[in-house]
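A.B. asks: Below are the sequence and a predicted model for it; my questions follow.
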Amino acid sequence: MLPFAVIVVGIFILLRPFVIIQIYKVHDWRIGHMAATTQSTLEIHDWNLTNRRKKIVLFFFGTRYSSNDFLKKLIMRRHYSLQN
């Protein structure tokens, strides 16, 4: 996994002058944590409209099971997301 991680981090560093890439781990064992994590990133749309550098936010779900599967599907549908 180390060579893969070095390549991914290198790509993030090379893209940094053009695109800001942020990765958030969604704590999905409680519904409040899921909602709060995704709610805090809603201002990114406004950021992308007013600034030259764009932001891309990736949500990482650490488990396959969550406290609310419907909310998880909505988050995955609206935002870029990765699942373990």
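C.D. replies: Alright, I've got the coordinates.

A.B. asks: For the residue of the chain positioned farthest from its centre, identify the helix or strand it belongs to.
C.D. replies: Of all residues in the chain, P3 has its C-alpha farthest from the mean position, at 22.1 Å, by CA atoms, centre = their mean. In the assignment (DSSP states H and E), P3 maps to helix 2-15.

A.B. asks: need the next SSE after that helix, C-terminal direction.
C.D. replies: strand 19-26.

A.B. asks: by how many degrees do that following strand and helix 2-15 diverge?
C.D. replies: When axes from the mean of the first three to the mean of the last three CA atoms, to 10 degrees is applied, the directions of strand 19-26 and helix 2-15 differ by 130 degrees.

A.B. asks: helices or strands next to strand 19-26 in the packing?
C.D. replies: helix 31-39, strand 54-61 (3 or more CB pairs under 8 Å, 6 or more residues apart in numbering; DSSP states H and E). All C-beta spots, glycine's among them, are computed from the backbone N, C-alpha and C.

A.B. asks: Show me what the mean pLDDT comes to for whatever helix or strand comes next after the longest one.
C.D. replies: In other words, helix 31-39. Moving toward the C-terminus from helix 31-39, the first helix or strand encountered (DSSP H and E) is helix 44-50. The pLDDT scores in helix 44-50 average 74.

A.B. asks: Fine by me, thanks again.
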